[in-house]
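> show me how the following folds:
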Amino acid sequence: MSQKIVTVDSETVSNTVYDVVIVGAGIAGAIVAKQLSEQGKRVLILEASTSEGLTLEGFQGYVERFYGSVVKHGNSPYPLNANALSPTDDVIRYFEEKGPLPLSGSYTRVFGGTTMHWEGKTLRMLPEDFKLKTNYGHGLDWPITDQDLWKYYRQAEYEIGVSGNTAEQRQLGITFEYDDYVFPMKELPPSYLDKKVREKIQGTTVDFHGETRELGLSTFPQGRNSIPNSDYKTYNDGYDFVPDGVASKVPVEYGERCQGNANCVPICPVQAKYDARKTLNTIAFGDRVHLLAQTVASEVEIDPQTGRVTAIHYKHYQDRSIPSYTVGTARGKLFVLATNAVENAKLMLASHLPSTSGLMGRNLMDHPFVLAWALMPQVTGTMRGPLVTSGIASFRRGDFRKEQCAFGIDIHNDGWGWSGTGATDIVRDAVDNHKKYGSELRQELISRISRQLLLAFMCELPADPSNRVSIDPHYKDQIGNYRPVIHFNIPDYCKKTIAYCRELSKTIFQRLGAEDHTHYDKSDPAYFEYEGEGYWFRGGNHFSGTHVMGTTKYNSVVNAQQRSWDHENLYLVGAGSMPSIGTSNTTLSIAALAFLASEQMLKDLNA
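Now for the predicted structure:
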C-alpha cells in the first residue's frame, strides 16, 4: 500500500540531515526517491514549482487552463511562474539565445517535470548508438553498452507502463535480454490515418547511399495505457500487469486506457499517459520522502578540501508572481541533481563548479525536427488518437551515418498544428476570408482539417562542445537566479539529412496523392539555408549531454553511474549524462539511467 509523500516547510528541512537530497521532481528524481526510500533511506525533494499538480483538482485546473488558452503550446496548461521560468514563457524571456541558431525547444518547470508535457514515445536506443564515435566518427561514445542497460530498461518499462510490440522492435534492430520478453502492455493500434498511409506507401523503396530501403510502417512503444499483455506475467512474478491510473488517492474514472484525445502534448486530460507524479504517488513508504515545493536551488556548496558536497542552498518563495523569498539550506549525506540537462548545468556553473574537464554545460544536444505537411486526397480521421501511433524507422541505422545523421519519421495524428498552421487559423480563414458559416463551414473544416497529414522527421544531433549552456551575470530572473545562456548550431552533418528528409517527403506525398503545403518562412528564427534551399526546424525538447558521462574526469563530467568525478557524494542524473541520443526520445533512457544510478547510490549509502 503506497503512502503520500510528506510536504514540509523550511524549518523542518533546516533541522534535518537527510540520507539523500534530490533537486527536481521529474522522472529521474522521482525514480531515485522511490528506489532509495523503499530501501529505508530518508529523502528530501527540492522542487522549484508549486505542488498543486499532486491533487486531482490541481491537475484538472491545468486541463481547464489548457482548454481556455488561445495559444496552445507545451506549457500553456501551467500558470506563469516568474520565480521558476520555463523556456516558452513569453511575458518574461528565460533563455538568452546567442545562436547562430535557436535551441528551438522547451521544458516544463512544474511538479512532474517535462513528463507533464512529453509526447510519450518510449524507444530504446540502438546498440550502435552507444558507439557513435567509434562506428561513424562523429560525436561521443558511451562508457557502457546497450547490454549494460538491458536490466534497467526493463525496470523503466515497468515503472512507466510501456505499451508496444517487442517483436516489431527486434526487427528494427533493438536488442532485448530475453527472447520472449514483451512490454507490459500491447501496442496501441495504428490510427485510421496510419492505415491509409500504409495502403499507399507500403513496399515503396528508395535508393539511399547505394542501398535500397523500404518505407515500412511500424508502431511506436508508448508510455500510455493500452491493454495489459498477459505474457508479461513471466517478468512480473507471475502477476498480471496493472497499469497506474490517475495520480489520486480517491478512485475516479481517470488514467485508464488511452482515449485518443490527441492532446498528449501538452496534457492528457484522462491521465492515461505516464508522468512522474505516478511514480511519486506509488511510493510504498511515502513518510520517508519529504517535499519542499516552491524552492529553487541556487548553489551547491562543497568542502574545498575534500570536494564533497555539504549542502544545497535554496530560495523559497510564497507567491510565484512576487519576487520575494527566504533562503534556506538542505543538508544530507548524498546529493542528486535531477532537474534537466540545462538546469543541472546552470546550477553547477552558478556554484563555480565547471568540472575538471571543463565540459559542464557543453555538448548540448537535442533532436532537430524538420516538418512537412500536406492534404490527403480523402478524409483520414485527423485529430483522432494519440499524437503519434506509427512511423517509419528505415533510416535509424546504417553506415550512411559516417556521412550524415540518422533520422526517424513520425506520422502525426494531430494535423498541421506543429507547423504553425493550426486548426484555429483554418477556422479564421474560412470565416473571415471565405465567409463560410453553418453547414458550409462544417464541410469546409472537414475538408481542410480531417485530411491533414504532417510528417515529422526527427534527426540525430551528435555531441559538440561548442553547443553549450553558460551563465552571465547580466541575465538573471526576478529572484536573482541565472537564466541559461544558450549557444547552439546544427552542423552540415545534420543539415544534409534535413535536406534529404524534405526531398523524401515529396516522394511520400506523391505516392499518397497528397497536396503538398510545406513552406519554410525566412522570418522564422530557426530558418537556415543549405545548398541553396531554405528550411527551418523545431526542437524535440530532448536536451542532453551537458554533464556528459565518460571514462575519466578529463573527458567527462560524470562516470557510468552518473556520479561526479570531482564530488564523490554528488550525482547528476538525466539526459545531461548521455553522450549521444541517436534517434530515440530520451525519457526511457533517462529512467533506465536513474535506476542504474539508484543502485550505486544505495551501495554508497550502505558502505
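> what ranges do the helices span in the stretch 251-400 of the chain?
276-281, 341-350 (DSSP state H, counting those that start in this stretch).
> confidence-wise, which of these is weakest overall?
Confidence, taken as mean pLDDT, is least for helix 276-281 of the helices of the stretch 251-400 of the chain (a mean of 94).
> can you pull out the strands in the stretch 451-600 of the chain?
Along the stretch 451-600 of the chain, the stretches classed as strands by DSSP state E, counting those that start in this stretch are 452-459, 468-470, 485-488, 515-516, 527-530, 533-536, 538-539, 570-572.
> now those in a markdown table, with mean pLDDT and mean neighbour count?
Quick note: C-beta positions are derived from backbone N, CA and C, even for glycine. Below are those laid out as a markdown table (pLDDT from 0 to 100; neighbours: other CB atoms under 10 Å):
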| stretch | mean pLDDT | mean neighbour count |
| --- | --- | --- |
| strand 452-459 | 98 | 25 |
| strand 468-470 | 99 | 24 |
| strand 485-488 | 98 | 22 |
| strand 515-516 | 98 | 14 |
| strand 527-530 | 98 | 14 |
| strand 533-536 | 98 | 18 |
| strand 538-539 | 96 | 19 |
| strand 570-572 | 99 | 28 |
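> ok, Tyr535 - contacts?
By CB atoms under 8 Å, 6 or more residues apart in numbering, Tyr535 lies in contact with Val370, Lys495, Ile498, Ala499, Arg502, Tyr520, Tyr527, Phe528, Glu529.
> can you pull the pLDDT of the residue lying closest to Thr339 once chain neighbours are set aside?
Nearest non-adjacent residue to Thr339, counting by CB to CB, 6 or more residues apart in numbering: Gly24, 3.9 Å away. Predicted confidence (pLDDT) for Gly24: 98.
> thought Gly24 was touching Val342?
No - the pair Gly24 and Val342 fails to qualify as a contact (CB atoms under 8 Å) at a distance of 11.7 Å.
> next, the residue nearest to Thr339: phi, psi?
Here is the backbone geometry of Gly24 (degrees, to the nearest 10): phi 110, psi 130.
> distance check, it against Val558.
16 Å (CB to CB, to the nearest Å).
> give me the more crowded residue out of the two.
Per other CB atoms under 10 Å, whichever of Gly24 and Val558 has more neighbours is Gly24, with 29 against 26.
> roughly how far does the more buried one sit from Gly398?
37 Å.
> check Ala330 too.
Here the criterion is CB to CB. By it, Ala330 lies 48 Å from Gly398.
> out of the helices of the stretch 251-400 of the chain, which comes closest to Tyr437?
helix 276-281 (43.0 Å; CB to CB).
> packing partners for that closest one?
The contact analysis (3 or more CB pairs under 8 Å, 6 or more residues apart in numbering; DSSP states H and E) places helix 276-281 against helix 27-37.
> other SSEs contacting the helix it packs on?
Packed next to helix 27-37, using 3+ CB pairs under 8 Å, 6+ apart, are strand 17-23, strand 43-46, helix 276-281, helix 587-606.
> quick one: distance of it to the chain centre.
Here the centre of mass of C-alpha atoms in helix 27-37, compared against the chain's by CA atoms, centre = their mean, to the nearest Å, lies 17 Å away.
> quick one: it to strand 17-23, angle?
160 degrees (axes from the mean of the first three to the mean of the last three CA atoms, to 10 degrees).
> what's across from Phe335 in the sheet?
Phe335 has the following beta-bridge partners by DSSP bridges: Val21, Leu570.
> just to check, it is in contact with Ile312?
Yes - using CB under 8 Å, Phe335 is in contact with Ile312, at 6.3 Å.
> any common contacting residues for those two?
Common neighbours of Phe335 and Ile312 (CB under 8 Å, 6+ apart) are Val21, Val23, Val300.
> what's opposite the last one in the beta bridge?
Val300 forms beta bridges with Ile312, as assigned by DSSP bridges.
> tally of neighbours for it?
22.
> that one reaches Thr339, doesn't it?
No - with contacts counted by CB under 8 Å, Val300 stays clear of Thr339, the gap being 12.0 Å.
> what touches both of these two?
Jointly contacting Val300 and Thr339 under the rule CB under 8 Å, 6+ apart are Leu347.
> what packs against the lowest-mean-pLDDT helix or strand in the chain?
When each helix and strand of the chain is scored by mean pLDDT, DSSP states H and E, helix 423-428 comes last, with a mean of 83. Packing contacts for helix 423-428, counted by 3+ CB pairs under 8 Å, 6+ apart, involve helix 438-449.
> output the contacting helices and strands for the helix it packs on.
helix 423-428.
> contacts for the helix it packs on?
Val70, Met383, Gly415, Gly417, Leu445, Arg448, Ile449.
> tell me the gap between that helix and the middle of its chain.
For helix 423-428, the distance to the chain centre is 29 Å (CA atoms, centre = their mean).
> kindly report the same for stretch 533-544.
14 Å.
> now the least confident helix or strand of the chain: buried residues?
Going by neighbour count (16 or more other CB atoms under 10 Å), the buried part of helix 423-428 is Ala423, Ile426, Val427.
> and if you look at stretch 482-497?
482-488, 490, 493-497.
> now those residues as a markdown table including distance to Lys402?
As requested, those are exported to a markdown table (distance: CB to CB, whole Å):
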| residue | distance to Lys402 |
| --- | --- |
| Tyr482 | 39 |
| Arg483 | 38 |
| Pro484 | 33 |
| Val485 | 33 |
| Ile486 | 29 |
| His487 | 26 |
| Phe488 | 24 |
| Ile490 | 18 |
| Tyr493 | 10 |
| Cys494 | 14 |
| Lys495 | 16 |
| Lys496 | 12 |
| Thr497 | 13 |
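> what is the nearest of the residues you listed to Ala167?
Checking these against Ala167 by CB to CB gives Thr497 as the nearest, at 28.4 Å.
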